[in-house]
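1. below are the sequence and a predicted model; questions follow.
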Amino acid sequence: MRLSHLLGTIVLLAALCGTVSSSQARDTDHYQALKQFSQVLDLIEKNYVQEVNRTDLIHGAIEGMLNSIDPHSAFIDLDKFKMMQEEFQGEFGGIGIQIGVRDKRLTVIAPIEDTPADKAGLRAGDIILEIDGISALDISLEEAVSKIRGPKGKAVELTILHKDSQAPEKVSIVRGTIPLISVKTRELEPGYLHVRLTDFKANTTEDLHRKLAEYTANRELKGIVLDLRNNPGGLLNQAISVTDTFLRDGLIVYTQGRDPKSRKDETASKQSTDVNCPVVVLINSGSASASEIVAGALQDRKRAILIGEKTFGKGSVQTIMPLSDGSAVKLTIALYYTPNGRSIQAEGIDPDLELPFVAATENAEDGVDFRESSLAKHLDNPNGDNQAGKVATDAQDALAKDNQLRVGLSMVKSLPRFMQLTN
């Protein structure tokens, strides 16, 4: 018996029963909806101009259903599911970019640092109009990711509209191997460390603890500038454990689903890896999801000063639910809230000190001393390794080009004195 006939029989029997309860009425509505779906499926299979695959039709229906809920819920077929697992657990071929749907347009949340996308000049807020000449309008997020990824060495052409441009431009980007490196550190001055988190992968907290331990093995850590700019997020548990590194106790974040009883609190605990020095956090519009959890918690708990620009505003929690055929559903199941009960969904987190990024001009030194070690092909000191000088020069260059980083360093150095004045 066809599904449509079976459903029709069930509906008819329900109607013949006379008065039905509200629960039965809801069941009847469900059967009617399923009957309609079955009828449409039957019509397509019988009358469409070309033969179609039923599995493809059903997958397309599921994908459309999930896409109609919110920009982050999605159907993930078997191949895409494997790619997602690779992204969090191993290297993958791509251009190194995090994308999302904003105002119904495919938008760059952030390029991952030192990847082909970053080197090609893609920036947070850029709109992707086409992928290899095919319109990206109304494309699903998962389909866009699938099209942009690919084997190393093969190019993908994107038509990009920069947020400060009037006309789009085509950018050809050769795919590379995108590694799992998500923690980068650099000494800005003795005792003051720039910690850059590019995203939140399965090993982010472990790498953070390892790099901090290496630095403090023979040096005092006086302050950290925690850089979450253009960090598109990632794993929720890593955001929690990174935040726990800077807190000894208390609430980090809580999630709340549709059921009021579903609230789940995540709290910090005292551990040997705790960091107690002053912290300044850098944020911008590319800071999203997991990075907003970290920033919001440290701000609410008064553990850090936030500098930069308002964050992206993704305050929802997704979970991956595998299906029997190896595919999966990514479904939004909750919103997350900062310790003070703030939902930042579609709102973002405001910095304590708003400071737009100002790109340095080619010849501007921005107050940074110009020394012999800054000259190309300068002679090395014959009495020892010049690596320390190179590190210092790299830090000078970074500070010269980054006004937010400069202010962050100045602020983190001033925090101990400021706290004494306010106590």
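-> Everything's here; your move.

2. for the chain, what's the longest strand?
-> Longest strand of the chain, by residue count under DSSP state E: strand 328-337.

3. next, the buried residues of that strand.
-> Going by neighbour count (16 or more other C-beta atoms under 10 Å), the buried part of strand 328-337 is 328-332, 334-337. In this view, the C-beta of every residue, glycine as well, is placed from N, C-alpha and C.

4. got it, and stretch 39-56?
-> Leu41.

5. next, the contact list for the closest residue in space to Phe200 that isn't next to it in sequence, please.
-> Once flanking residues are discounted, Phe200 sits nearest to Gly234: 3.2 Å by C-beta to C-beta, 6 or more residues apart in numbering. By C-beta atoms under 8 Å, 6 or more residues apart in numbering, the contact set of Gly234 is 88, 182, 199-201, 204, 289-290.

6. try Thr332
-> Neighbours of Thr332 in contact, by C-beta under 8 Å, 6+ apart: 69-70, 72-73, 316-318.

7. those, buried ones only, as a PyMOL selection?
-> Command for PyMOL that selects the buried part of the contacts of Thr332, burial taken from 16+ other C-beta under 10 Å:
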select buried, resi 72+73+316+317+318
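
8. which two of the contacts of Thr332 have the greatest separation?
-> Ile69 and Val317 (14.0 Å; C-beta to C-beta).

9. surely Asp350 is in a strand?
-> No: counting by DSSP: H, G, I helix; E, B strand; the rest coil, one finds Asp350 to be coil, located in no strand.

10. ok, it - how many residues close by?
-> Neighbours of Asp350 under the rule other C-beta atoms under 10 Å: 13.

11. that one and Asp164, how far apart?
-> Separation of Asp350 from Asp164 (C-beta to C-beta, to the nearest Å): 22 Å.

12. before we move on, the earlier item: need the contacts of Thr332 in a markdown table with pLDDT, distance to Leu41 and secondary structure, can you?
-> Listed next are the contacts of Thr332 as a markdown table, based on pLDDT from 0 to 100; distance: C-beta to C-beta, whole Å; DSSP: H, G, I helix; E, B strand; the rest coil:
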| residue | pLDDT | distance to Leu41 | secondary structure |
| --- | --- | --- | --- |
| Ile69 | 94 | 21 | coil |
| Asp70 | 92 | 25 | coil |
| His72 | 90 | 27 | coil |
| Ser73 | 92 | 22 | coil |
| Ser316 | 95 | 31 | strand |
| Val317 | 93 | 33 | strand |
| Gln318 | 92 | 28 | strand |
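
13. follow-up on the earlier one: and the next helix-or-strand element following the longest strand of the chain, how far from the chain's centre?
-> Once strand 328-337 ends, the next helix or strand along the chain (criterion: DSSP states H and E) is strand 353-354. Mean-position distance between strand 353-354 and its chain equals 22 Å (C-alpha atoms, centre = their mean, to the nearest Å).

14. stretch 93-102 now?
-> The answer for stretch 93-102 is 9 Å, by C-alpha atoms, centre = their mean.

15. what's in contact with that stretch?
-> Contacts of stretch 93-102 (C-beta under 8 Å, 6+ apart): 71-72, 106-112, 114-118, 120, 122, 128, 141, 144-145, 148-152, 156, 173, 175-178, 199, 232-233, 288, 312, 314.

16. so who does Gln51 touch?
-> Gln isn't right for residue 51; it's Glu. Counting by C-beta under 8 Å, 6+ apart, Glu51 touches no other residue.

17. can you show me the helices along the chain?
-> 3-16, 22-47, 54-67, 78-89, 116-119, 141-148, 204-216, 236-244, 290-300, 387-401, 403-422 (DSSP state H).

18. against Val281, how distant is Lys302?
-> Distance, Lys302 to Val281, using C-beta to C-beta: 12 Å.

19. which of these two has more neighbours?
-> Counted by other C-beta under 10 Å, Lys302 and Val281 do not tie: Val281 has more neighbours, with 29 against 8.

20. what about Ile139, neighbour count?
-> Neighbours of Ile139 using other C-beta under 10 Å come to 19.

21. wait, isn't it in contact with Leu106?
-> Yes: assessed by C-beta atoms under 8 Å, Ile139 is found in contact with Leu106 at 6.4 Å.

22. excluding chain neighbours, what is closest to Val108?
-> Asp126 (4.2 Å).

23. and the one you found, what does it touch?
-> Contacts of Asp126 by C-beta under 8 Å, 6+ apart are 107-108, 160-163.

24. and for Lys170, nearest residue in space, chain neighbours not counted?
-> Once flanking residues are discounted, Lys170 sits nearest to Thr159: 5.3 Å by C-beta to C-beta, 6+ apart.
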